[in-house]
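Participant: Sequence plus the predicted model coming up.
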Amino acid sequence: MSEPTVVLVGTLDTKGQEYAFVRDRLRERGVQVVVVDVGVYEPTITPDVSRAEVARAGGADVSELAEARDRGAAVTAMAHGAVAMLRRLHADGRLHGVLGVGGSGGTSIVAAAMRALPVGVPKLVVSTLASGDTRPYVGAVDVTMMYSVVDIAGINSVSARILSNAAGAIAGMVRAEAPPLEERPLVGATMFGVTTPGVTRARERLEELGYEVLVFHATGTGGQSMEALVEGGFLAGVLDLTTTELADELVGGVLSAGPDRLEAAGARGLPQVVSLGALDMVNFGPRDTVPPQFEGRNLYVHNPTVTLMRTTPEECLELGRTLGRKLSAARGPTALFVPLKGVSMIAVEGQPFHDPAADDALLAGLRETLADTVEVHELDLDVNDERFAIVMADRLDELVREAS
């Protein structure tokens, strides 16, 4: 293959010196470079793709953005344009990796554009924000963030080392090749600590049946990542055993995957086998971070950094309705498996979240909204029972084979 191309995307009106430095380091490593300007004012170095082209790609006029002097509007417009431009460059074979450098505004623009690229395309941001909460920038895809240590304000002994490291990293990424693996159908599965035994056995069973299983930790970004791969066409089916993120979205926990969770497979018509794993709980951080309105609820300190709260019958009723509506809208084969003996490790009899009234409410909500098109299996087992895991895995295998 010819030399790979790294796209440098950034605000050249304020960061031209830094981008020129990185561009030169990449060229020293034999990497081709395309520089994309997402600033709105006159650049300090000459780009390969101008700010006017980027603005047009996002449906805006760069002169109007500059005259308006509205930073928020400019960032939004140029982010839209950057998304369109990077997708175009990737489709044309002119983007094998992408690197951005910036503060808050620049990071917002380049990270948005990176998130629009397929999983597996190398993506690296050197940012002043990389030591804090990176979720708004990384999202559910493989964006790598490197902390700049000092502000992105000129080339000095520290920034030169950091930016050189970044250039070396992206140059290595675009040349890296994954080793050939046995080609097997890919399926996704969702897991939480309290559903680990069940998902582990289901994964083993699916591997016995010839699948490669990608397990996603249902921590909000995990569910989003799985659904991003569904939307990208990577998966042949989904074993969504752990739907706990719906509870965090409903009640206000810290691990929500957003309102669209449990919809991607259905919208794409992908075979999905779903269960109620960990819908007995909402997640918070350390015990002293639980919001005051939840004092007096059934709280369980899972570890020093995670506190779980039992969902009430009223919340479970609404969770059942929500899950039922989402599954009923699916365009593909959908099977729901209900573990009547407990939806998590700590919801079985004798454990702190055992609550028959809440479990009954969850079932009532499901029965209220589930369409006849959804196949339902109610089993007198708990979610971690080996038999429950195997029957779910076997049913997914049957649905995938029928669909193919």
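Facilitator: Sure, I can see it. Numbers count the residues shown, from 1 in each chain.
Participant: other SSEs contacting the strand or helix carrying residue 87?
Facilitator: Using DSSP states H and E, residue 87 sits within helix 71-91. Contacts of helix 71-91 with other secondary structure elements, assessed using 3 or more CB pairs under 8 Å, 6 or more residues apart in numbering; DSSP states H and E, are made with strand 5-10, strand 32-37, helix 51-57, helix 62-68, helix 104-115. All C-beta atoms are positioned from the backbone trio N, CA, C, and that covers glycine.
Participant: three-state assignment of residue 265?
Facilitator: Three states are possible here, and by DSSP: H, G, I helix; E, B strand; the rest coil the one that applies to residue 265 is helix.
Participant: ok, now which ones touch it?
Facilitator: By CB atoms under 8 Å, 6 or more residues apart in numbering, residue 265 lies in contact with 227, 230, 235, 237, 238, 240, 271, 272, 330, 332.
Participant: Dump those residues to a markdown table, plus neighbour count and distance to residue 134.
Facilitator: Written out in a markdown table, the entries for the contacts of residue 265 read as follows (neighbours: other CB atoms under 10 Å; distance: CB to CB, whole Å):
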| residue | neighbour count | distance to residue 134 |
| --- | --- | --- |
| 227 | 26 | 19 |
| 230 | 21 | 23 |
| 235 | 23 | 25 |
| 237 | 27 | 31 |
| 238 | 31 | 26 |
| 240 | 27 | 26 |
| 271 | 26 | 33 |
| 272 | 28 | 30 |
| 330 | 22 | 32 |
| 332 | 16 | 33 |
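Participant: Strands - which of the residues you listed land there?
Facilitator: 237, 238, 240, 272 (DSSP state E).
Participant: which among those gets closest to residue 131?
Facilitator: residue 240 (33.5 Å; CB to CB).
Participant: how close does the spatially most distant residue from the centre of the chain get to residue 41?
Facilitator: When distances to the mean C-alpha position of the chain are computed (CA atoms, centre = their mean), the maximum falls on residue 67, with 36.4 Å. Summarising the geometry, the distance separating residue 67 from residue 41, computed by CB to CB, to the nearest Å, is 11 Å.
Participant: Identify each buried residue in the helix holding residue 87, please.
Facilitator: Judged by neighbour count (16 or more other CB atoms under 10 Å), helix 71-91 contains these buried residues: 74-87, 89-90.
Participant: just stretch 312-326 next, same as before
Facilitator: For stretch 312-326, a neighbour-count test (16+ other CB under 10 Å) marks 312-313, 315-326 as buried.
Participant: any idea how far residue 227 is from residue 268?
Facilitator: Distance check for residue 268 against residue 227: by CB to CB, it reads 10 Å.
Participant: Spit out the residues that contact those two alike.
Facilitator: Shared between the contact lists of residue 268 and residue 227 (criterion: CB under 8 Å, 6+ apart) there are no residues.
Participant: Tell me the strands beside whichever strand or helix holds residue 337, with direction?
Facilitator: Using DSSP H and E, residue 337 maps to strand 334-339. Note on strand 334-339: by DSSP bridges, its sheet partners are strand 272-277 (parallel), strand 375-379 (parallel).
Participant: Beyond the longest one, next helix or strand please.
Facilitator: Read in the C-terminal direction, the helix or strand following strand 272-277 is strand 281-284, with elements assigned using DSSP H and E.
Participant: Please save the CA atoms from that next one in PDB.
Facilitator: C-alpha atoms of strand 281-284 as PDB (Å, rounded to 0.1, in the frame of the first residue of the first chain):
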ATOM      1  CA  MET A 281     -30.800  -1.100  40.200                       C
ATOM      2  CA  VAL A 282     -29.800   2.500  39.600                       C
ATOM      3  CA  ASN A 283     -26.100   3.500  39.800                       C
ATOM      4  CA  PHE A 284     -24.500   6.300  41.700                       C
END
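Participant: strand partners of it, parallel vs antiparallel please.
Facilitator: Strand pairing for strand 281-284, using DSSP bridges, gives strand 306-310 (antiparallel).
Participant: which outside residues touch the strand it pairs with?
Facilitator: For strand 306-310, contacts defined as CB under 8 Å, 6+ apart pick out 251, 253, 280-287, 289-290, 294, 297-302, 346, 352-353, 355, 358.
Participant: which ones are touching the residue nearest to residue 38 when sequence neighbours are not counted?
Facilitator: Using CB to CB, 6 or more residues apart in numbering and skipping residues adjacent in sequence, the residue nearest residue 38 is residue 78, 4.5 Å away. Applying CB under 8 Å, 6+ apart, we find residue 78 in contact with 38, 39, 40, 51, 54, 55, 58, 60, 65, 109.
Participant: by contact count, what packs against the lowest-mean-pLDDT helix or strand in the chain?
Facilitator: Every helix and strand in the chain was compared by mean pLDDT, DSSP states H and E; the lowest is helix 135-138, with a mean of 84. When contacts are defined as 3+ CB pairs under 8 Å, 6+ apart, helix 135-138 packs onto helix 104-115, strand 143-147.
Participant: Having no further points to raise, I will conclude here.
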